[in-house]
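Novice: can you look at this prediction? I've put the sequence above it.
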Amino acid sequence: MREVDVLIIGAGPAGLSLAHHLSADSLILEMENEVGGLCRSIEREGGVFDIGGHSFHTPHPEVRAFVERIMGDNWESQIRDARVFSHGVLLPYPFQKHFEDIPDARVVAECKAGLEQADSAEDAQNFQEYIIRRFGPGVAEHFMLPYNRKIWARDIRRVSCEWTSQRVAAPKGAEEKFDTKGGERKPLQAGTMVSYPKRGGFQAIFVAMAGHVPALELGQEVVEVDPSRKTARTASGMEVSWNRLVSTMPIPDLLEITAGVPVELKEVASRLEFMSLSLLLMTVNDPLVDAPQRIYSADADVPPHKIAFNHTSSTELRARPVHGIMCEISYSDEKPMLPREELEDRTIRFLAEDAKVIPSADSVVWTDVVDVKYAYPVYTHERPAILQKVREYLGPLGITTIGRFGGWDYVNSDKCINMGIEHAQVLDTQTPVPHSIGG
């Protein structure tokens, strides 16, 4: 049996960062045969696709310095070019700052009038109420409500407001700038500087990071955690003895494989909500027409809520003869997925005829669909109480959870890297506990 001080489950951004910054002896076990988690890249038919679409931007200077150091010369930056498709036209992102570019005078007037009625949303009871109070009925009706119902794939009255200051851009007239010097994340703006690997996809960051961790085992799915014996077992039969365990896997899945967890706690954790994605991948062999990095759409007739033109992410990808496009479509029990043929048909028609970023539907030479079960954690009203119960149970057992689904936080990769840095500092200040196997 292998012995280690800190066992880390998952080689995504949080797990890799933790292992790199930790002074204590550690081992990462990763179920996949590659690192990166939700930041993995897929290369197919000449196109490169990032799961969910990614670019690097952070308010944490220490995270930026770390990533830039490990990436060396495989790194470049550019101004973010994101747009919103609304009322038949492409607008600069975000909608609430650029709705005056819409050709329909009635829509513009209603958005302006609504902003004049907008009030403080500090004590809004749910996300729907927040949107209406923050932006007024015009912006809410014409974009914000349909877009957020589309992306979250559920009644957004069930969604709380605790995350909005970091994710939802302010309305027109409000001064706001993405912070790069520390402090809390602010929403991305049209002119935000973003970075990306020169070569490879976004996953290249985490491949580089993996080269700096002391011990990593790929293809090792943890199927059992025994807190009483301080052991973990993988599907292949590997056993590890640990003093402290840090998990980045989804909380309900961790509780299912952990011995002795009360049924009541598992039931409580099962109420943590998440949103799933289907990613429609396509390659185009014709030059794209003024393609941005992202297009967002609230239109019900357009299946994706977000489209990432990954070939615009770096100079190397732009130079390829084939361009990769990733279309993100959320689904849930309340919003079932379209049949694949209809999904492809409507999306390609939108790109060619409405957004006009591909010359024609015939430009698309290959498609595939990839399913992502755990894509976005949902901030429901009961989430904080559930997380508190889980942490109160796991903490005394020497188990902590971090990362997007370990912390059930709607956070980007840079924040997950920062979680790893901060948690390493916490663990390194603790007094090591000797191994104890058996009763």
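Specialist: Arrived safely, thanks for sending.
Novice: got the residue ranges for the helices in the stretch 151-300 of the chain?
Specialist: Applying DSSP state H, counting those that start in this stretch to the stretch 151-300 of the chain gives helices spanning 164-167, 204-210, 251-257, 263-269.
Novice: point out the most buried one among those.
Specialist: Greatest average neighbour count among these goes to helix 204-210 (a mean of 23), per mean count of other Cβ atoms under 10 Å. For glycine as for every other residue, the C-beta is placed from the backbone atoms N, C-alpha and C.
Novice: now for that helix, which elements pack on it?
Specialist: Using 3 or more Cβ pairs under 8 Å, 6 or more residues apart in numbering; DSSP states H and E, the elements in contact with helix 204-210 are helix 13-21, helix 61-71.
Novice: quick one: residues in contact with the following helix or strand past the first one.
Specialist: With elements assigned by DSSP states H and E, the helix or strand that comes after helix 13-21 is strand 26-30. The set of residues that contact strand 26-30 without belonging to it, under Cβ atoms under 8 Å, 6 or more residues apart in numbering, is 2, 4-11, 15-16, 18-19, 213-222, 232, 234, 238, 240.
Novice: neighbouring strands for strand 26-30, and are they parallel or not?
Specialist: When sheet partners are counted by DSSP bridges, strand 26-30 sits next to strand 2-9 (parallel), strand 216-218 (parallel).
Novice: who's in contact with the last one?
Specialist: By Cβ under 8 Å, 6+ apart, the surrounding residues in contact with strand 216-218 are A11, A19, L27, I28, L29, E30, E32, N33, E34, V35, A210, M238.
Novice: out of those residues, who's nearest W366?
Specialist: Checking these against W366 with Cβ to Cβ, the nearest one is E34 at 21.7 Å.
Novice: pLDDT at the closest residue to the closest one other than its chain neighbours, what is it?
Specialist: Leaving aside its chain neighbours, E34 sits nearest to R40 (6.3 Å; criterion: Cβ to Cβ, 6 or more residues apart in numbering). R40 carries a pLDDT value of 97.
Novice: still on that earlier bit, which of the contacts of strand 216-218 count as buried?
Specialist: Buried members of the contacts of strand 216-218, counted by 16 or more other Cβ atoms under 10 Å: A11, A19, L27, I28, L29, E30, V35, A210.
Novice: wait, the second one touches I8, no?
Specialist: Yes: using Cβ atoms under 8 Å, A19 is in contact with I8, at 5.7 Å.
Novice: surely V322 meets F49?
Specialist: No: applying Cβ under 8 Å, one finds V322 not in contact with F49, separated by 11.6 Å.
Novice: who has more neighbours out of these two?
Specialist: For V322 versus F49, neighbours defined as other Cβ atoms under 10 Å are more numerous around F49 (25 against 17).
Novice: tell me what that one is bridged to.
Specialist: Assigned bridge partners for F49, using DSSP bridges, are I42.
Novice: quick one, what contacts it?
Specialist: For F49, the contact set (Cβ under 8 Å, 6+ apart) comprises S41, I42, E43, G201, L279, L281, N310, G324, M326.
Novice: let's see that with 7 Å instead.
Specialist: Going by Cβ atoms under 7 Å, 6 or more residues apart in numbering, F49 touches S41, I42, L281, N310, G324, M326.
Novice: so how far is V372 from it?
Specialist: Per Cβ to Cβ, to the nearest Å, F49 is found 12 Å from V372.
Novice: likewise for R44?
Specialist: Using Cβ to Cβ, R44 is found at 16 Å from V372.
Novice: all strands of the stretch 151-300 of the chain, in order?
Specialist: Remark: strands assigned in the stretch 151-300 of the chain by DSSP state E, counting those that start in this stretch are 193-196, 216-218, 222-226, 231-234, 239-247, 274-284, 294-297.
Novice: mind putting the ones you listed into a markdown table with distance to K97, mean neighbour count and mean pLDDT?
Specialist: What follows is these, written out as a markdown table (distance: least, Cβ to Cβ, whole Å; neighbours: other Cβ atoms under 10 Å; pLDDT from 0 to 100):
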| stretch | distance to K97 | mean neighbour count | mean pLDDT |
| --- | --- | --- | --- |
| strand 193-196 | 18 | 20 | 95 |
| strand 216-218 | 43 | 16 | 99 |
| strand 222-226 | 45 | 19 | 99 |
| strand 231-234 | 49 | 21 | 99 |
| strand 239-247 | 40 | 22 | 98 |
| strand 274-284 | 25 | 22 | 97 |
| strand 294-297 | 13 | 23 | 97 |
